[in-house]
Every structure is written in structure tokens, then in C-alpha cells.
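In: build the 3D model from these lines:
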Amino acid sequence: MKVVVVGAGRTGFLIAKWLSMNHEVTVIDRNRRILDEIEYMLDVLAVSGDATLPETLGRANVGEADYLVTTTDNDQTNIIVSALSKTMGNPFTIARVKRMEYLKVWGHGRKTLGVDLMVCAVPLVAEGIVRVVDYPQLVFFRRLYGDIYIGISSSGAENLWSFEIGGKNIIIATKSMIESSFEMSEAKKVLVLGVGETGKLVAKMLSAKGKTVKLVEGDAEKTAEELDGVTIIKGDAFSDFLWSEENLSEADAAIVAFDRDEECLFASAIARESGIERVFSVVHRSSHMAMFEKLGVIPFSPELETAGRITAAVRGNAVLGVVTRPEFQVYALSGDELEGTTLGELSETPGPLLRDGKLIPPDPDLKLKKGDVATVITEGGGMIL
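Out: Numbering: from 1, shown residues only. A predicted model of the protein is given here:
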């Protein structure tokens with residue numbers, strides 16, 4: 001397939017990297033230096049220019065593209081380029097947006113604004129945090145496809161299929177199997193530091209689950225209007241006085257969601273030092289995740305969430321879902337599309353197979369049937385299709 005990626009930032013680079021392993025990829029960006037680096041590192045065609053101009057899109061042969069993926073830091077640019085591309089051909093357009101408002105508008109009438117699929121990391125990250133906040137042994141718990149879930153645990157679990165990569169125990173099982181295998185310890189009091197869109201959504205979701213949520217914010221009055229039921233504390237999240245005066249260390253869990261990794265790292269360190277054991281943080285650069293993990297902080301990457309969601313959409317009918325982490329990717333593959341293929345032919349590391357509602361342990365010689373859902377694992381962002 002032919003894919004045009006607009007924007008050569010961190011997210012755009014990841015998408016181009018993964019897709020270029022099996023597809024013909026063109027990358028558009030205004031920065032010629034960055035494009036030179038990408039052309040050196042990846043097997044892609046680079047086009048320098050302003051993607052909001054038809055001339056630039058013409059040089060990238062957008063009219064012949066199967067997919068157009070817009071990943072710039074400007075939501076309006078991503079939407080405009082998507083709409084413009086529809087006048088030059090009929091690519092399936094995927095737009096990354098940072099603001100929830102655009103996602104809500106798009107959701108009212110899919111394919112509005114010239115966008116076939118709109119991806120926003122805010123709900124993806126928020127849902128990921130909320131799902132594990134009550135499970136101390138789980139650091140990650142994400143739906144792959146249907147009732148197949150991926151978990152990362154700090155310890156093993158009996159009767160669950162798992163594998164180890166980079167010292168982490170990766171579990172593939174149904175949601176109920178994972179939830180029943182790990183002890184739930186409810187975080188009744190939750191502290192949220194950083195009041196960007198992710199922080200607000202997490203606070204709102206946790207409050208709706210009946211938890212006592214405190215959110216530290218400089219502009220308390222404005223935030224209070226948006227978050228009914230959440231205690232808004234006006235002040236500096238880095239202030240020792242505020243932590244002592246408001247008893248912030250009494251929280252069972254802390255979620256850190258500032259706009260800069262430096263602030264997130266510092267705030268996470270303060271939370272851990274104060275005695276809060278369960279600390280989750282947004283990490284904007286996926287390459288920084290290891291630093292947070294060394295502090296005992298559970299990182300969530302908007303960059304990886306977005307890139308994983310988009311690349312899964314570009315894979316075609318055989319790929320039903322994908323979960324992306326820095327060390328590995330797990331795919332759900334359709335038996336309808338790959339009937340007769342053995343698990344060993346798909347990957348050196350096959351996972352369990354869902355057949356007739358039951359998970360079957362992996363067997364490299366097992367052939368896929370219609371209705372099956374296979375799971376396969378690749379390390380380091382490798383591709384299987």
C-alpha cells in the first residue's frame with residue numbers, strides 16, 4: 001500500500017518507521033534537515049514543503065495514495081490537509097488531534113471534516129490509567145481486540161499465558177481472567193497533578209467511579225466549573241508547603257499529567273518521596289519512559305498510544321488490533337483473512353489463539369480457521385504484515 005505521512009515529529013517518525021517495513025511510505029515536512037535524517041534512517045521518500053498547499057501534496061503523489069496520515073502538532077493543519085487530499089484523490093485519511101473538541105465534533109458524524117479516522121491520545125491514555133489504578137500488581141492493562149487483553153505485571157500469575165521481554169511479564173488473556181488473577185486494592189483517594197486535558201479527563205473518570213479526587217491547579221475557579229465532584233486545590237504542585245498543608249501524601253495513588261516531561265518527572269519524584277506507592281505519569285517522549293520506571297513510576301505515552309492506534313488502522317483487514325509498547329508489539333490477526341496459515345508462519349513468537357470463545361495455548365503448527373483470532377508478538381516495533 002502507498003501511505004503519505006504528514007509531519008516528521010516523534011509520532012510521525014514512529015508511524016513512518018513501522019509502516020515502511022512493509023509499505024511504500026512518503027513523508028512530508030517543512031524541515032529539510034529532519035527529512036534528510038529520516039531518509040538516512042528509514043526506507044521512505046521525503047518531500048519538503050507546506051502540506052497545506054496542493055503543490056506539495058501533488059509532489060507527494062497524494063492522488064495515488066491509499067492512506068494519508070496527518071501527525072503535525074497543529075490540529076487545524078491536520079484537518080485541513082486531510083480535507084484537501086480528498087480533492088486530489090480518495091485516500092483513507094487519518095488525522096491526529098490533541099484537543100478533545102475536534103474528536104467530539106468528528107464523532108457526531110464520522111468522516112466529517114474530510115477525516116475518515118480521528119485519533120486523540122487523551123482518552124487512550126486516560127482509559128489506560130483508570131483501568132489499572134486499582135490493581136497494584138498491574139502496570140498496564142489494555143484491550144487488544146474483542147475480549148483479548150494485554151497486561152504487564154510486576155509478578156507472574158498462575159493459569160495465565162505470559163512471556164517475558166526486558167524483564168517485564170507480559171500477559172495475554174481475557175479481561176475476566178486477568179482481573180480474577182490479580183488482587184484488587186481500591187485506590188479510594190486519588191491525587192491529580194497537572195490539569196491538561198488528560199489530567200481533567202482522568203479526574204472526571206475516577207470521580208465518576210466514586211473515588212475521592214483532589215486536583216492541584218493554579219486556576220482553581222475555572223477548573224472547578226468543569227469538574228463537578230472533584231476537589232480543586234489552588235496552588236503550586238511543587239510546593240512543600242502545599243503538600244503539607246493539604247495532606248496530599250495521604251493519597252492512595254497519584255496521576256501526573258503536566259505538558260512537559262521535566263515537570264512530570266519532578267512531580268512524580270515528589271509523589272514517590274512523599275510515600276505514595278502508586279504513581280502514574282504521562283510521558284510525552286517515549287524515550288523518557290525508562291527514567292520514570294527507574295523511579296518506580298508507571299509511565300503512559302501519548303506518542304505510543306497514537307502511533308499504535310494509527311498503524312493498526314493502516315494494516316488492512318488481517319490486523320484486527322495492536323498494542324504497542326517500547327519493547328514489543330502484540331497483534332490480533334483475523335482467521336478469516338489468514339485461513340490455513342500456521343501460527344509459526346506469522347511470527348517466531350505466537351501468542352494464544354482465540355477459537356470458539358476459548359483461548360488456546362500457542363502451537364506454531366496450528367492452522368488458522370475462519371472465526372479464529374490469533375495473537376502474535378514482535379520485539380522492538382517489528383512488523384508481521
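In: where in the stretch 151-300 of the chain is pLDDT low?
Out: By pLDDT under 70, the low-scoring segments of the stretch 151-300 of the chain are 156-157, 219-225.
In: going along the chain, name the strands of it.
Out: Applying DSSP state E, counting those that start in this stretch to the stretch 151-300 of the chain gives strands spanning 161-165, 168-174, 189-193, 212-217, 231-234, 253-256, 278-282, 298-300.
In: so what does the longest one touch, helix or strand wise?
Out: When contacts are defined as 3 or more CB pairs under 8 Å, 6 or more residues apart in numbering; DSSP states H and E, strand 168-174 sits against strand 148-153, strand 161-165, strand 328-334, strand 350-355, strand 358-360. (Each C-beta comes from the backbone N, C-alpha and C, glycine too.)
In: make it 6 Å
Out: strand 148-153, strand 161-165 (3 or more CB pairs under 6 Å, 6 or more residues apart in numbering; DSSP states H and E).
In: repeat for the last one
Out: Secondary-structure packing of strand 298-300 (3+ CB pairs under 6 Å, 6+ apart): helix 121-132, strand 278-282.
In: for the fourth one, same thing?
Out: In this structure, strand 212-217 packs against strand 189-193, helix 197-208, strand 231-234, with contacts taken as 3+ CB pairs under 6 Å, 6+ apart.
In: and that strand, which strands flank it?
Out: Using DSSP bridges, strand 212-217 pairs in its sheet with strand 189-193 (parallel), strand 231-234 (parallel).
In: residues making contact with the longest one?
Out: Residues outside strand 189-193 that contact it (CB atoms under 6 Å, 6 or more residues apart in numbering): 199, 203, 206, 211-216, 237, 248, 251-256, 267.
In: and the residue located most distally from the centre of the chain, how far from Val322?
Out: Relative to the C-alpha centroid of the chain, counting by CA atoms, centre = their mean, Glu245 is the outermost residue, at 35.7 Å. For Glu245, the distance to Val322 (CB to CB, to the nearest Å) stands at 46 Å.
In: shouldn't Thr11 be in contact with Glu303?
Out: Yes - counting by CB atoms under 6 Å, Thr11 touches Glu303, with 5.3 Å between them.
In: so between those two, which is more surrounded?
Out: The neighbour comparison of Thr11 against Glu303 (other CB atoms under 10 Å) goes to Thr11, with 25 against 21.
In: any idea whether the more buried one is helix, strand or coil?
Out: helix (DSSP: H, G, I helix; E, B strand; the rest coil).
In: doesn't Pro136 lie inside a helix?
Out: No - under three-state DSSP, Pro136 falls outside any helix and is assigned coil.
In: burial of Arg30, as a residue count?
Out: 14.
In: now do Lys98
Out: So Lys98, with other CB under 10 Å, has 17 neighbours.
In: what residue lies at the spatial centre of this structure?
Out: Glu305 (1.3 Å).
In: any idea of the pLDDT on the residue nearest to it when sequence neighbours are not counted?
Out: With sequence-adjacent residues excluded and distances taken as CB to CB, 6 or more residues apart in numbering, Glu305 is closest to Leu124, at 4.1 Å. For Leu124, the model assigns a pLDDT of 93.
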